[in-house]
Structures are given as structure tokens and as C-alpha cells.
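> when you get a sec, could you give me coordinates for this:
(chains A and B)
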Amino acid sequence: MSLAAEAFVSQIAEDQILLSDSASSLAVQTFLRMCGLPVQVSCCANAEYMSPSGKVPFIHVGNQVVSELGPIVQFIKAKGHSLSDGLDDVQRAEMKAYMELVNNMLLTAELYIQWCDDYTATEISRPRYSSPYSWPLNHILAYQKQWEVRRKMNAIGWSGKNLEQVYEDVSQCCQALSQRLGTQPYFFNKQPTELDALVFGHLFTILTTQLTNDELAEKVKSYTNLLSFCHRIEQTYFKEHDRESQSGSSRHSKGSLP
Amino acid sequence: MKNLLLCWGGDWDLPSVHTDSLIVLAYAKFSGAKLAVKSIDWTWRTITASVPQLHYEASTVTEPTQILNFLRKQRFNADYELTAKQGADTMAYIALLEEKLRPALLHTFWVDADNYANLTRPWFTSHSPFPLNFFVPGRQASLALSRILLTKAESPLLNITEVEGKIYSEAKECLNLLSHRLGNFHFFFGDTPTSLDAFVFGHIAPLIKAPLPSGQLQKHLNQLDNLCQFCNTILKNYFNASAEKRTDCSPTAIHDPVDANLQKLTQLVNKESNLIEKMDDNLRSSPQHRPNSTPPS
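Next comes the predicted model:
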């Protein structure tokens, strides 16, 4: 059964979106393009509330709504498209393990930097997150989101870390990914899988987003095979849509890779 | 300068009932590090200390990952034979354990009403001093519940029962993945155990050995023979001292499995030959046989 309707990927608006959400959204877009499915991105300010699980991005196919990369991959698989069919059990175990590594380390580090680092939170995250709302709602929502993320960091034990340790964790995660990738074009040799989509989503966003300092991007740049991996996927799947999704804002510009 | 490790005590054939403590204890055995182990049971540390905790000279290290890094810097490294890719795999599988298995383990021991009331709370209550025994289990249980809800429950699923289905199915899938990866090998990377083996052991050993009244995850794990075998092999070869004894991890305590089997075999053969001799004596001294005549074939 083929995917008859087009998939709409919904995410938060361009000048409101933050690093972590942008990364997740790009990962889903990349995955859909890798499957060869037509995809349209639509942005709305209340995407978080429209999503069935409270997380962006989510896809809208016909009259079904599915959010987050894991369930989206399963949904697409049920429709007959899958990138990881050629993998045996051990390889599939490895793929899932590496996807958890990215979620555990990279995504958590992104959230930490956005919301637990006071300087970034004040300069970038809170203003952007609350931009579509008027006073006093913008203050309330921004602080509420920050409080939620800090609670989660507390629960998993990241609240005791300082920024240096978080950068170190990101570096180790990139090192592990770099060593796993080696000189292959994709993580499982010739065919891209959802792991490639996820890694690309996060790394590309980190490399092209301007934060208060460039340390995060520098950490990623020091691994040349990861850089060329990102270039390769960008060239293969995004070249015709390169400039479409660029925002006008100078603070949070997404362009091609340096 | 000895390293002093503080951790929860042992029971159910395990050196410790606490996952993080088990990880550190197993790694210490694998890497040959000598640790003086002190259990925090029946002390005030049950509520004040974050366990496991390693004391070395004046400094203190907590959290299994930090402690393992510290031991590696002291040249107790069980991973030095791993390739770069295997090192990367280790990080990935540890992340998998933390994300997929740990929430279900926390739920099984601390949130499931049956298990908590009949096993976990009585155990921790009986191993904490008065008056802490009223507070320690409750505090751990609420920490476990909040961790599960904050990491796994998205906003519409604020109720724990709705999250349960999801976390148990993820945990079962995780166990299946581990079983596939282990295959028929003794350890995850060949014939010698590494830090990944320590992490997996720490997570699954309590689940295998604890006498849980209601354990759907335990049943699932018992069906995965290679993981149970893995756990028992480590217990037999590295923790063959009984759980109550706190001995140093000296190299002589680590028996070569071949020698141990040989010893057992020798004992059995000796027993058998003693029996045979006795039987022979009985036969010879029985009235039906005269000492000089040969016994009938």
C-alpha cells in the first residue's frame, strides 16, 4: 500500500523554533526524503499543542497524525516503505543503540544548552520561544518551558553538570559516531537508514545555527568524516530545496554548511 | 592507598542489590582493581550518600560512568583491547540500556505495587537504621516515579498506567536486542569481559535473581537463555565468594574456570573411587565369597 497523500511535516515557526526542535524536524524531513516520499513543511506557532504527544515535529498524512521519529518510522514501515529492511538482527540492534546514543547525549545536551545555561536562555531561547505571544503570556510560557526542562535534567542527573562537561559529552558522542562511521558513506555502508537521518538532522542543525558562542559547532567540526557525511546528505537529498527554508532572521540563520 | 567503595549490601546471591553498585563491583573485578567495599546498610549514609561512591585519598567520585573513568585513569582498564569501533559500540549500548531498560527496571522494583510492598520496601526497610527506615524506601520510590514520568510520559500521558505499557514493551525489545547482540559468546566483545559487560550485568542481574511476586519482565528475561547464562557465568567466575563476605578483589579470588572444573571433576572421581573401594571391601568380606576365590563375573 503506497503512501497516497503527501506528508505534511509540522514544526514551529521559523523565527520561533529552537535548536533541539529544529534538529528533530530536520531528521524527520531527511528520513522522508530518503524514503523517496514527497514532503511539505508547514510551520505554525502552536505546533507543540497540535501534536498528539506534545512533541514536534509531527506528520500529517491523510487524516492521520503521527509525532516523533520513532513512531513515524514505524508508521511509514506499515505503509510499505522501510530503510532498514536489509539489516540483520545484530545490525538492527546496533542501529537502535546508536539512535539512543544520539537521543541520550546530543538531544539532551542541546536542551541543556538552550534552557539550563542562563546566558543562552536569556539571550536566545526565551525570546524566541515566546515571540508569537503578547505580554504576559510570553513570560509565563517561556518560564514554564524552562522549568519543565530543568526538572527533566534534574531527574536524569544532568543538573549537576556544568557547560564544560556538557561540551565534553557532545565531543565524546561525536567521537563515537565518527569512529562508527569510519570511511563508509553511510553508517550501514551503502544504504542510508533512519540512523543517518537522525545524525544528519542533529549535526547539520548544530553546524548551521548561531548560538551565543561557537563551541558546540567547533566540537562537531573537528571530526572531518562527520562533516563530509553531512555535506554528502545535503547534496544528495536537499540540493533543490537548499535555499527555501532559510529564515530572514540574522540570529538564527540556517544556510549551507561552511 | 586503598580505594574505598560505598554501596548497598547484597542479597539473593548477588554482591549488591543496587544496579549502579553492581556495575562498579563487576568492573572492578574485571579490571583487577583492588577495592575495599563497605556497605552502607544500617548506617545514616542510606539517606545522605549518593551511592555508589568511591573514596580515594581526599577525593570522592560518584556515578558509575565517572567511577569507571577514574579507575581507567588509575590504569585499571578492562577495555584496552577494544578497537575504536567497539568503544563506540559500548557507548551506544550503554545509552540503549539507560533509555529503554532502566525505566522498566525502576518501575518493576519501585512503582509496581505488588513488588514494592512485598519485596523492595521490606528489604530496604530492614537494611536501614531506625528512624530512617520510614523514609528511605519512600524517597527512592518517589524519585523513581518522577524519573519515569518526566522522561517517558508526554503531556497527555500524565498517568503512570498509560506509560507502563510503553516502557515494558520498550524494555522487552531492548532485552531481545541485547540477546541478539550477545549471540553464543561468553561476553559482548569476545572472551574477556569489558565495561559493557559490567553495565549489562548490573542491569539484568537483580532482575534475574530477585524473588519478584509479579515480574512480567523477569519472565521475559528468563526466556532469553543466553542472557541468563551470561549473568550466571559472571557470578560464578568473578563473585564466587558468598554475598555476605566483603573480600578484596585479589587475583587469587578469580578462579580460572578450567581449573575450577578440573577441581570439581577430581573431587567427584575421588568420591567415586572411595565408594567403589568400599563396595569392593563389602563384597570381599561378605559370607558368600571366600577371600581366595575370584568373584563371579
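> dump the residue contacts of the most centrally placed residue in chain B.
Most central in chain B under C-alpha atoms, centre = their mean is residue B:205, positioned 3.9 Å from the mean C-alpha point. Counting by C-beta atoms under 8 Å, 6 or more residues apart in numbering or on different chains, residue B:205 makes contact with B:14, B:22, B:231, B:234-235. For every residue, glycine as well, the C-beta is placed using N, CA and C.
> what mean pLDDT does stretch A:141-159 have?
For stretch A:141-159, mean pLDDT is 86.
> can you mark which positions in it are buried?
A:141-142, A:145-146, A:149-150, A:152-153, A:155, A:158 (16 or more other C-beta atoms under 10 Å in any protein chain shown).
> go on, stretch B:122-138?
Those would be B:123-125, B:127-128, B:132-133, B:136-137, for stretch B:122-138 by 16+ other C-beta under 10 Å.
> the buried residues of stretch A:141-159 into CSV, with extra columns for distance to chain B?
What follows is the buried residues of stretch A:141-159, written out as CSV (distance: C-beta to the nearest C-beta, whole Å):
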residue, distance to chain B
A:141, 14
A:142, 17
A:145, 12
A:146, 14
A:149, 10
A:150, 11
A:152, 5
A:153, 9
A:155, 4
A:158, 11
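> in a markdown table: the contacts of residue B:205, plus secondary structure and pLDDT.
What follows is the contacts of residue B:205, written out as a markdown table (DSSP: H, G, I helix; E, B strand; the rest coil; pLDDT from 0 to 100):
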| residue | secondary structure | pLDDT |
| --- | --- | --- |
| B:14 | strand | 87 |
| B:22 | helix | 90 |
| B:231 | helix | 90 |
| B:234 | helix | 89 |
| B:235 | helix | 89 |
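> going through those residues, which ones are buried?
For the contacts of residue B:205, buried by 16+ other C-beta under 10 Å: B:14, B:22, B:231, B:234-235.
> nearest to residue A:227, of the residues you listed?
residue B:22 (40.0 Å; C-beta to C-beta).
> helices along chain B, start to end?
For chain B, the helices defined by DSSP state H cover B:19-31, B:45-48, B:64-73, B:84-96, B:102-106, B:113-115, B:121-126, B:136-152, B:160-182, B:195-209, B:216-222, B:225-238, B:257-285.
> neighbouring contacts of the first one?
This means helix B:19-31. B:5, B:7-8, B:14-16, B:33-35, B:37, B:51-52, B:54, B:63-64, B:67-68, B:71, B:76-78, B:102, B:105, B:192-195, B:197-199, B:201-203, B:205-206, B:234, B:238-239, B:249, B:254.
> quick check: angle from it to helix B:84-96?
Angle of helix B:19-31 versus helix B:84-96, following axes from the mean of the first three to the mean of the last three C-alpha atoms, to 10 degrees, is 160 degrees.
> show me what counts as buried in stretch A:95-105.
So, applying 16+ other C-beta under 10 Å, buried residues of stretch A:95-105: A:95-105.
> ok, residue A:181 - contacts?
So residue A:181 contacts A:187, A:225-226, A:229 (C-beta under 8 Å, 6+ apart).
> residue B:201 versus that one, what's the distance?
29 Å (C-beta to C-beta, to the nearest Å).
> how about residue B:48?
Distance from residue B:48 to residue B:201, by C-beta to C-beta: 27 Å.
> also residue B:113?
28 Å.
> so which of these two has more stuff around it?
Higher neighbour count among residue B:113 and residue B:201: residue B:201, with 29 against 8, using other C-beta atoms under 10 Å in any protein chain shown.
> the more buried one contacts residue B:232, correct?
No - Residue B:201 is beyond contact range of residue B:232, at 10.5 Å (criterion: C-beta atoms under 8 Å).
> before we move on, back to that, which of the buried ones among the contacts of residue B:205 sits closest to residue A:76?
Checking the buried ones among the contacts of residue B:205 one by one against residue A:76 (C-beta to C-beta), the nearest turns out to be residue B:231, at 37.0 Å.
> for residue B:52, give me its contacts.
B:5-7, B:18, B:20-21, B:23-24, B:62, B:64, B:67.
> the residue in the stretch 151-258 of chain A that chain B sits nearest to in helix, strand or coil?
Using C-beta to the nearest C-beta, the closest approach of the stretch 151-258 of chain A to chain B is made by residue A:176 at 3.7 Å. Secondary structure, DSSP: H, G, I helix; E, B strand; the rest coil: residue A:176 is helix.
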